[in-house]
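Asker: give me a model of this one.
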Amino acid sequence: MKSLKKLFRRCWSVIRWQTSRLIFAAIGVFGASGASSQESTLGPFENPTPQRLKVPQGNERFDAREALNGAFSSPEQCAHVPNGLWVEVDGKGDCVRYYSHGLSESDNAVALVYIGGDVMLRSAKGVRHITPIYTSTTPRKIELEMADWSAAAGRPALFLARAGIYGSSGDHNARRSHREINLLNQALDLLKDRHHITSFILTGHSAGAQIAAGLLNRRSDISAAIYSSGMLSVKQVTTFWEHRRDIPGRLLYDASRYYDPIDEIDRIDRHQAPEIYVISDPEDRVVPFFSQLFYVRRLRALGIHPHHIYARAPGPQHHLLAGHAKKVAALLAREASKQEIYRAVLELDFQSI
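Answerer: I've put the predicted structure just below:
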């Protein structure tokens, strides 16, 4: 009886929100979007309105409106964007920006690359907003973080900005797509050519780990991959999210078109697999632990032996483990042993108590 009541409530919720979406699409009533009139949010069915890419520098902050609505660029503008890479995928070009420290003008045998998570979140009713930490971030802060990371690793370090955020053009609403993977895959190719990089130590946090795992599926120049709180099994995660919003997720996005690293996991060369570290908090409330464990088990079924480290992330979300991932990447760059890496992660956990 309880399951029937739950099913009825779910069906009614789908019908109610589907009707709201159709009304909003037909007559454009703003109130149906569920958002306020401020530029700091977008309603669940509201279309973004992209503008020309802004190019913040130094201590200028990134713009929340741009992150919500997206931005477009051109090869001519991208040529003047600091560390800009013009990348064309599916007949459309975007300017991908990166922030670096420690790159040599000659050869760079190994470079560390960090790919961050989402900065756009949805409320229970599907309203989109940007995290406060994003609007308090500046290019200068990222450059200082890369300087610290490079010093810890003794190698060059780069922050690769995803489409639509942190100075890259594109649409952050279109994240998790095959195009996002292809965009950053080509960006890595351009980075290799520009800076004479031989191999990458790739680090991804949360949804950035989805991209990093996708890149690992497709590349042979990744010597190590480190994922923290990773969205590594996208189908499982979207199913998990589907039942935790008032508005059903299937009305907000087409998850069937998302890129799932699991679908191409068998493309990893199992005979010359890189070092893989998956760092998880079993209490993660954003990306469920079972989805990360599923990825690890799939790797092991292929004969690949990843290191799965259980760590402690701050509450209440138990999700933020990017610092752990960067620490592991730095130690791998210095050829630390597995025991040294596990000890370092344990020390970070004690520091958070």
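Asker: can you report phi and psi for the residue most central in space within the chain?
Answerer: For the chain, Gly208 is the residue whose C-alpha lies nearest the centre (Cα atoms, centre = their mean; 2.3 Å). The phi and psi values for Gly208, taken as degrees, to the nearest 10, are phi -70, psi -30.
Asker: what does Ala147 give?
Answerer: Torsion angles, degrees, to the nearest 10, at Ala147: phi -60, psi -40.
Asker: quick revisit: bridged to the residue lying closest to the residue nearest to the centre of the chain once chain neighbours are set aside, which residues?
Answerer: Residue nearest to Gly208 in three dimensions, not counting chain neighbours: Ile115, with 3.7 Å by Cβ to Cβ, 6 or more residues apart in numbering. Placement of C-beta: from N, CA and C, glycine included. Beta-bridge pairing of Ile115 under DSSP bridges involves Gly204.
Asker: now do the contacts for Ile115.
Answerer: Leu160, Arg162, Leu184, Leu202, Thr203, Gly204, His205, Gly208, Ala209, Ile211, Ala212 (Cβ atoms under 8 Å, 6 or more residues apart in numbering).
Asker: the last one falls within a strand, correct?
Answerer: No: judged by DSSP: H, G, I helix; E, B strand; the rest coil, Ala212 forms no part of a strand; its state is helix.
Asker: my read: it touches Leu202, true?
Answerer: Yes: counting by Cβ atoms under 8 Å, Ala212 touches Leu202, with 4.9 Å between them.
Asker: any shared contact partners between those two?
Answerer: Counting by Cβ under 8 Å, 6+ apart, the residues touching both Ala212 and Leu202 are Ile115, Ala225.
Asker: now the helices for the stretch 251-353 of the chain?
Answerer: Counting by DSSP state H, counting those that start in this stretch, the segments of the stretch 251-353 of the chain that form helices are 289-301, 322-333, 338-351.
Asker: output the ones you listed as TSV; include the columns mean pLDDT, distance to Tyr253 and mean neighbour count.
Answerer: Output for the helices of the stretch 251-353 of the chain, formatted as TSV (pLDDT from 0 to 100; distance: least, Cβ to Cβ, whole Å; neighbours: other Cβ atoms under 10 Å):
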stretch	mean pLDDT	distance to Tyr253	mean neighbour count
helix 289-301	97	17	18
helix 322-333	98	24	24
helix 338-351	93	34	14
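Asker: with distance to Ile222 added, can I get those in a markdown table?
Answerer: A markdown table is the format used below for the helices of the stretch 251-353 of the chain (distance: least, Cβ to Cβ, whole Å):
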| stretch | distance to Ile222 |
| --- | --- |
| helix 289-301 | 14 |
| helix 322-333 | 12 |
| helix 338-351 | 18 |
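Asker: which one, of those helices, ends up nearest to Gly170?
Answerer: Checking the helices of the stretch 251-353 of the chain against Gly170 by Cβ to Cβ gives helix 322-333 as the closest, at 21.7 Å.
Asker: got the CA coordinates for that closest one in PDB?
Answerer: Taking C-alpha atoms only, helix 322-333 is exported to PDB below (Å, rounded to 0.1, in the frame of the first residue of the first chain):
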ATOM      1  CA  ALA A 322      39.400  18.400  -3.600                       C
ATOM      2  CA  GLY A 323      42.300  19.100  -1.200                       C
ATOM      3  CA  HIS A 324      42.800  15.400  -0.600                       C
ATOM      4  CA  ALA A 325      43.000  14.800  -4.400                       C
ATOM      5  CA  LYS A 326      45.500  17.600  -5.000                       C
ATOM      6  CA  LYS A 327      47.600  16.200  -2.100                       C
ATOM      7  CA  VAL A 328      47.700  12.700  -3.700                       C
ATOM      8  CA  ALA A 329      48.500  14.200  -7.100                       C
ATOM      9  CA  ALA A 330      51.400  16.100  -5.700                       C
ATOM     10  CA  LEU A 331      52.800  13.100  -3.900                       C
ATOM     11  CA  LEU A 332      52.500  11.000  -7.000                       C
ATOM     12  CA  ALA A 333      54.400  13.600  -8.900                       C
END
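Asker: I'd say Ala344 and Lys326 touch.
Answerer: No: look at Ala344 against Lys326 with Cβ under 8 Å: they stay out of range, at 11.1 Å.
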